[in-house]
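Q: After the sequence you'll find the predicted model.
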Amino acid sequence: MARLDGVVFDCSCDIHWIQLWQQRGDAALHTQQLFCRNGASKIPLHNMYIHNCDLPEISVSHSSVLVMEGDNVTVSCNGSGAPVPEVDWTVSGLHSINTHLSDVYWPNIHSITLTLFNISREDNNFQLTCIAENVVGMTNSSIQLNVQFPPVILRLVEPEQRLDTCIEFTVRGYPHPKLRWFYKQKEIQHNDYIRTDMDFYQDYLEGCLTFQNPTHINNGNYTLEASNALGTVTKTVYGHFLMDPDEIDPPPDDNPSRPDEDTFGVTIAVGLAGFACVLLLVLFVLINKYGRRSKFGMKGFAYLCAVAVVAEERADLGAEQVLQLLTSLFSLVRVQVSVRLGADQRSRQVAGLNAVVQHIKRRDIILKRELGEGAFGKVFLAECYNLSPTKDKMLVAVKTLKDPNLSARKDFQREAELLTNLQHDHIVKFYGVCVDGDPLIMVFEYMKHGDLNKFLRAHGPDAMILVDGQPLQSNGELGLSQMLHIATQIASGMVYLASQHFVHRDLATRNCLVGNGLLVKIGDFGMSRDIYSSDYYRVGGHTMLPIRWMPPESIMYRKFSTESDVWSFGVILWEIFTYGKQPWFQLGNNEVIECITQGRVLERPRICPKEVYDIMLGCWQREPQQRLNIKDIQKVLFAMGKATPVYLDILG
Ligand code: AMP
């Protein structure tokens, strides 16, 4: 509350805004006595009439415009009043960057036209806002851009055998495309067994062709067709749900046998198994003798011997089937070993193998403006030439590393190799590095709405309050379905990371990025510690730990695993449902450590449904093995999202 009680002003148009605030009751000015000097006396400010001093009026040429991608459009805005206002269009965040402004001043009107050339689909739903401002204050008015473009199928995911009951897709187009599915040249008619579930987010359509208990009968090619008035596209994916039982164990009659070859094959396979059995026995004895625990252990030994026994007993098994048994045994062992790798180490090496990092030339990168700052260095919005085969230039985000020492250079190289190998729809796209000269640069896809934490705060109830010292205009609060959509996408990225045995260790909303159409991606792999330094806790030397996102075993024993990432995901859910609050914001770092290690968990956010809080609690089980599995979490969240009405009112 401003304390101006009793102040006597030299009243002129310059302070009319205070009079207006007082009339509206802003900043509690209506409870205070303010005055204007009037010769030797004074009169109350609210009685003052100031000539030629009004809030500007504003009018725009359209309430919305409908254009085709690639077209040009001109819109105009008139600001009138006394004093004549300054008028301007806000175009920041607009992708159709070729804009042209022209001003005309009439006696009491300031008119400004804006021409956008070669309009991009990224500007569909963009609100072009015109602002008129004079000393009294500011008024604004907006025009909604609706950009039409033909459909594209961005994603059509082959279902994972045995696990998935849906074919996931993401389609874009405006007007919204109509979708049809084809199987064996026939259009699929939806029924109790097959149906399409989908959500709309602006010009994005995301969903699933969902099957009820699919079997091998459903295996085959599925073609998705998306069409709107501007075009039609199709894409086909193979749906492999279950093996045909006949393929697994063909009845003897159907199996035209080649007895000699088979017997020979079985002999080799059994021989192999037997040999491996002996070899393992020797190994096992040696390992036991020298007192080291075998990772392969008795289990592996028993599996192999079991294969040999089965092969001997089942004379009806073909050579291929015996070899299949052997192969599955070895893959089982491989999985066991890699799971250990993921759990025990910072599993960067998994993705670090055979990376071919793309090199980008410095002259192809044109910096435009700063986006933020991380521990590595500044992050800029830039234009990058010769990156895409279809576009001459594109917007990218570049991360810079200034004056690196040798170890920082090595970290940089390792990070780049890692990022090159991580490719998923919900992991930020990494294009490559620029290492000819200084600073070293990493080039990423540009995510228009920046980091998720800032985004949540900007779309929460406190959105009009200053964020980072900047007054953010309220963009409307996020609704439940949008929160679930955000969470589902992060979970989806995590399912992928887990499948790569990659343990992130620092999952939090500050490390996720938001793009167009509420697209969310995991966007940072260890580079964001500076701006959010209060989220980290320094433990001796340089180590900074995000303790508020860490489970007890990570805090106490520095043990990180896919399960500790699941714990952090629970905290991400909490952040989403509190519009970006800091977990345990009311406590200092030492108190947080005490709370978490003693088993206390975060409280249910006010707007969080019980079902979602139950997921959080499932992520915060003390025993890592008891925590929910990220794949199940993703599925449950996706299903909840589908059951929740969609609000389309936010986001440009
Ligand atoms: P980081 O170094 O990743 O912590 O990035 C610092 C800040 O830069 C983030 O908080 C974002 O606001 C911004 N930023 C980073 N990467 C991107 C990106 N790919 N697109 C847009 N903004 C980004």
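A: In hand now; what should we look at? Everything numeric here is computed off the predicted structure, so don't read it as measured data.

Q: Look at the closest residue to the ligand within the stretch 551-652 of the chain and give its secondary structure.
A: Closest residue of the stretch 551-652 of the chain to the ligand, C-beta to the nearest ligand atom: residue 580 (12.2 Å). Bear in mind the C-beta positions are built from the backbone N, C-alpha and C, glycine included. Classification of residue 580 using DSSP: H, G, I helix; E, B strand; the rest coil returns coil.

Q: From the ligand, how far off is the nearest residue to it once chain neighbours are set aside?
A: Of all residues not flanking residue 580 in the chain, residue 456 sits nearest, at 3.4 Å (C-beta to C-beta, 6 or more residues apart in numbering). Applying C-beta to the nearest ligand atom, to the nearest Å, the value for residue 456 to the ligand is 13 Å.

Q: Equivalent analysis for residue 199, please.
A: 24 Å.

Q: Hmm, residue 644 and that residue touching each other?
A: No. Look at residue 199 against residue 644 with C-beta atoms under 8 Å: they stay out of range, at 9.1 Å.

Q: How far away from the center of its chain is the longest strand anywhere in the chain?
A: Longest strand in the chain by number of residues (criterion: DSSP state E): strand 137-156. Strand 137-156 sits 20 Å away from the centroid of its parent chain (C-alpha atoms, centre = their mean, to the nearest Å).

Q: For the helix or strand where residue 74 lies, what is the distance to the chain centroid?
A: Using DSSP states H and E, residue 74 falls within strand 73-80. Chain-centre distance of strand 73-80: 36 Å, with C-alpha atoms, centre = their mean.

Q: Who are the packing partners of the helix or strand hosting the residue nearest to residue 580?
A: Using DSSP H and E, residue 456 sits within helix 452-458. Counting contacts by 3 or more C-beta pairs under 8 Å, 6 or more residues apart in numbering; DSSP states H and E, helix 452-458 packs against strand 466-467, strand 512-514, helix 562-577.

Q: Let's have those in TSV, adding mean neighbour count.
A: Output for the helices and strands packed on helix 452-458, formatted as TSV (neighbours: other C-beta atoms under 10 Å):
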stretch	mean neighbour count
strand 466-467	12
strand 512-514	26
helix 562-577	25
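
Q: Next, work out how far apart residue 604 and residue 616 are.
A: As judged by C-beta to C-beta, to the nearest Å, residue 604 and residue 616 stand 8 Å apart.

Q: These two: who's more crowded?
A: More crowded of residue 604 and residue 616, by other C-beta atoms under 10 Å: residue 616, with 24 against 16.

Q: Could I have the CA atoms of the helix or strand harbouring residue 197 written out in CSV?
A: Secondary-structure assignment from DSSP H and E places residue 197 in strand 194-201. The C-alpha trace of strand 194-201 is given here as CSV (Å, rounded to 0.1, in the frame of the first residue of the first chain):
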residue,chain,number,x,y,z
ILE,A,194,-11.2,-50.2,-31.0
ARG,A,195,-11.7,-46.5,-30.6
THR,A,196,-9.8,-43.2,-31.0
ASP,A,197,-9.2,-41.1,-27.9
MET,A,198,-7.8,-37.7,-28.4
ASP,A,199,-7.4,-34.2,-27.1
PHE,A,200,-7.1,-30.9,-28.9
TYR,A,201,-4.5,-28.3,-27.9
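
Q: helices or strands up against it?
A: Using 3+ C-beta pairs under 8 Å, 6+ apart, strand 194-201 sits against strand 178-183, strand 204-211, helix 480-499, helix 630-642.

Q: Which among these is found nearest to the ligand?
A: Smallest distance to the ligand across those (C-beta to the nearest ligand atom): 14.0 Å, for helix 480-499.

Q: quick one on the thing from earlier: mean pLDDT for the helices and strands packed on strand 194-201: which is lowest?
A: Among these, strand 204-211 has the lowest mean pLDDT, at a mean of 86.

Q: which residues sit against it?
A: Strand 204-211 has contacts (C-beta atoms under 8 Å, 6 or more residues apart in numbering) with 165-173, 176-177, 179, 181, 188, 193-199, 218, 222, 224, 226, 241, 517-519, 638, 642.

Q: next one: stretch 511-525
A: 122, 172, 201-204, 374, 415, 418-419, 422, 425-428, 444-452, 455, 482, 485-486, 489-490, 493-494, 497, 504, 506-507, 510, 528, 572, 651.

Q: make it 7 Å
A: For stretch 511-525, the surrounding residues in contact (C-beta atoms under 7 Å, 6 or more residues apart in numbering) are 122, 201-204, 415, 418-419, 426-428, 447-452, 455, 482, 485-486, 489-490, 493, 528, 651.

Q: same check, this time on stretch 580-597
A: 453, 456-457, 460, 509, 535, 537, 547-549, 552, 555-556, 571, 574-575, 602.

Q: How about stretch 108-116?
A: For stretch 108-116, contacts defined as C-beta under 7 Å, 6+ apart pick out 72-80, 82, 84-89, 96, 99-104.

Q: tell me the mean pLDDT for it?
A: Mean predicted confidence for stretch 108-116 is 90.

Q: Of all residues in the protein, which one is closest to the ligand?
A: Of all residues in the chain, residue 374 sits closest to the ligand, at 1.9 Å by C-beta to the nearest ligand atom.

Q: residues near that residue, how many?
A: Here the number of neighbours of residue 374 (other C-beta under 10 Å) works out to 22.

Q: quick one on the thing from earlier: any of the contacts of stretch 108-116 buried? List them.
A: Among the contacts of stretch 108-116, those classed as buried by 16 or more other C-beta atoms under 10 Å are 73, 75-80, 84-85, 87-89, 96.

Q: okay, the angle between the strand holding residue 74 and strand 137-156?
A: Here the directions of strand 73-80 and strand 137-156 differ by 160 degrees (axes from the mean of the first three to the mean of the last three C-alpha atoms, to 10 degrees).

Q: Give me the distance from whatever helix or strand comes next after strand 73-80 to the chain's centre.
A: Later in the chain than strand 73-80, the nearest helix or strand by DSSP H and E is strand 86-90. Counting by C-alpha atoms, centre = their mean, strand 86-90 is centred 33 Å from the centre of its parent chain.
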